[in-house]
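1. Requesting a structural model of the entry that follows:
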Amino acid sequence: MRIHFIAIGGSAMHNLAIALHKKGYQVTGSDDAIFEPSSTRLANYGLLPEKMGWFENNITEDLDAVILGMHALTDNPELLIAQELGLKIYSYPEYIYEQTKEKLRVVIGGSHGKTTITSMILHVLNYYGKDIDYLVGAQLAGFDTMVKITESAPVIIIEGDEYLASPIDRRPKFHLYKANIAVISGIAWDHINVFPTYADYIRQFELFIDTIQTEGTLIYCEADHDLNEIVNASKALVNKIPYNIPDHRIENGITYLLPSETPLEVFGDHNLMNLNAAKLICQQLHITEQQFNTAISSFAGAAKRLEIVSIKDNTNVYKDFAHSPSKLKATIEAVKMQFPTRKLVACIELHTFSSLNKDFLSQYDSSMSKADVAIVFIDKKTFIHKKMEPFSEADVQSAFKDIRIVFFDDISLLETYLTNLNFRDTNLLMMSSGNYSGLDLVNLARELNTFM
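-> Next up, the predicted model:
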């Protein structure tokens, strides 16, 4: 099989390219810019394009398929030639389905928790040496790549997001996998640039339920009111299994599952609900509850999901991927609940299209109210890059309904502010789907004052 990737440097795209290369396919690709870690990973497998750019001669009639990444534009010269030649053009979720038609497809959907639930399932199945394929949105400990597709594995675990499949296929990715077993973790409006109203957004999950194969299974969070409503209203011929927060206790900063008294390395109500979803999926795959508890005890979390940066005396520093209002609120509450006697300094970087939209910003109402010190950072260059009107501190305080919020648009000023705070008996939570303008969080943690 000869496969060409247009925009091979994307996170999912380059991992799929590597997976197909490992499967024995002849893989080529192009892109106008490829960044780390994609470039090194592609180079390691001999898949890094020799030159950056789009070249019409990359597209030939003997290609079995062209896989089109979201980064490409509709007038991409390679795409236009592929269309002219009548080649089969896939989005990457379409091609994942094409490769897994004969497998049991488990698809994890929802506005939050997808990566963590998927990671928990993979951790447990890997613990017991199960032969599985997967597609996950983060690099996981114990797994070489974020995509694995083989001939032998009978099951694939797919993290299925609701963003669009490709420039020429405007369907959400998770509609294309045709799940046999599905999870919806919850619904919280996101991707305002694609789904301009909450009704538009929620409709995607109604449609997702309809894509679950007849007599399949839907596992859903019953704590989410709107999700409950759409599941109960759905006429899809699927088995519906609700879940909620499992029984647990917290002692000395450690969470234990009850009644088994299983100690966990993760914490917070949102992680506990994710854990219950993962357990129900594993049970569908013939893993007993006792087996699940044994394996999940060593799960340390997905990358950037309440990931420990530093532990020093009574000061923990965490980094987290939270960026949407619901994730922000849940992550802050989790840290406060786990360490009730410690203060919490919480900082969120806003840089996604939705979070920088003034009409959407009010969705952050009261999301940082549980933090003792609440900080919002937006790199002023981001507004310039996205050609959007800058926010003032007053704009942010008004939207968050919190006059305590301290606002920064310069990373050096934020770093100075943090290093001048007293962090004795205080945790620091740094949240972003970006990188804080390149701020070195390990070095920042080292410089925090914990002795005043």
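2. Contacts only, for the spatially most central residue of the chain.
-> By Cα atoms, centre = their mean, the chain has its centre lying nearest to residue 115, at 4.8 Å. Going by Cβ atoms under 8 Å, 6 or more residues apart in numbering, residue 115 touches 136, 137, 138, 159, 302, 305, 321. Glycine gets a C-beta too; all of them are placed from N, C-alpha and C.
3. does the second one really touch residue 10, like I thought?
-> No: if you go by Cβ atoms under 8 Å, residue 137 and residue 10 don't touch, sitting 11.7 Å apart.
4. which of the contacts of residue 115 lies closest to residue 105?
-> Nearest to residue 105, judged by Cβ to Cβ, of the contacts of residue 115 is residue 159 at 12.0 Å.
5. who does that closest one bridge with?
-> Beta bridges link residue 159 to residue 108, judged by DSSP bridges.
6. gap between it and residue 118?
-> Distance, residue 159 to residue 118, by Cβ to Cβ, to the nearest Å: 4 Å.
7. Overlap in contacts, those two.
-> With Cβ under 8 Å, 6+ apart as the test, residue 159 and residue 118 both reach 108, 136, 137.
8. will you turn those residues into JSON lines that also has distance to residue 208, neighbour count and pLDDT?
-> Listed next are the shared contacts of residue 159 and residue 118 as JSON lines, based on distance: Cβ to Cβ, whole Å; neighbours: other Cβ atoms under 10 Å; pLDDT from 0 to 100:
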{"residue": "108", "distance to residue 208": "11", "neighbour count": "33", "pLDDT": "98"}
{"residue": "136", "distance to residue 208": "18", "neighbour count": "25", "pLDDT": "88"}
{"residue": "137", "distance to residue 208": "17", "neighbour count": "20", "pLDDT": "76"}
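9. Which of the residues you listed sits closest to residue 33?
-> Distance to residue 33, by Cβ to Cβ, is smallest for residue 137 among the shared contacts of residue 159 and residue 118, at 20.9 Å.
10. Where do the helices of the stretch 1-150 of the chain begin and end?
-> 11-22, 38-44, 77-85, 92-99, 114-127 (DSSP state H, counting those that start in this stretch).
11. The third one: which residues count as buried?
-> In this case it means helix 77-85. 77, 78, 79, 81, 82 (16 or more other Cβ atoms under 10 Å).
12. End to end on stretch 4-14, go ahead and measure it.
-> End-to-end distance of stretch 4-14 (Cα to Cα, to the nearest Å): 11 Å.
13. just checking, next helix/strand downstream of the helix or strand of the chain with the lowest mean pLDDT?
-> When each helix and strand of the chain is scored by mean pLDDT, DSSP states H and E, helix 380-386 comes last, with a mean of 81. Once the chain leaves helix 380-386, the next helix or strand it forms, by DSSP states H and E, is helix 393-400.
14. for the chain, which spans come out with low pLDDT?
-> Scanning the chain for pLDDT under 70 picks out the ranges 139-142, 451-452.
15. ok so, going back, what's the closest of the contacts of residue 115 to residue 335?
-> Relative to residue 335, and with distances defined as Cβ to Cβ, the nearest of the contacts of residue 115 is residue 305, at 12.3 Å.
16. what's near enough to touch that closest one?
-> Taking Cβ under 8 Å, 6+ apart as the test, what residue 305 contacts is 115, 116, 138, 271, 320, 321.
17. List the buried residues in the helix or strand where the fourth one lies.
-> Think residue 271. Remark: residue 271 resides in helix 269-284, with elements defined by DSSP H and E. Residues of helix 269-284 classed as buried: 270-282, 284 (neighbour count, 16+ other Cβ under 10 Å).
18. I appreciate the help and will end here.
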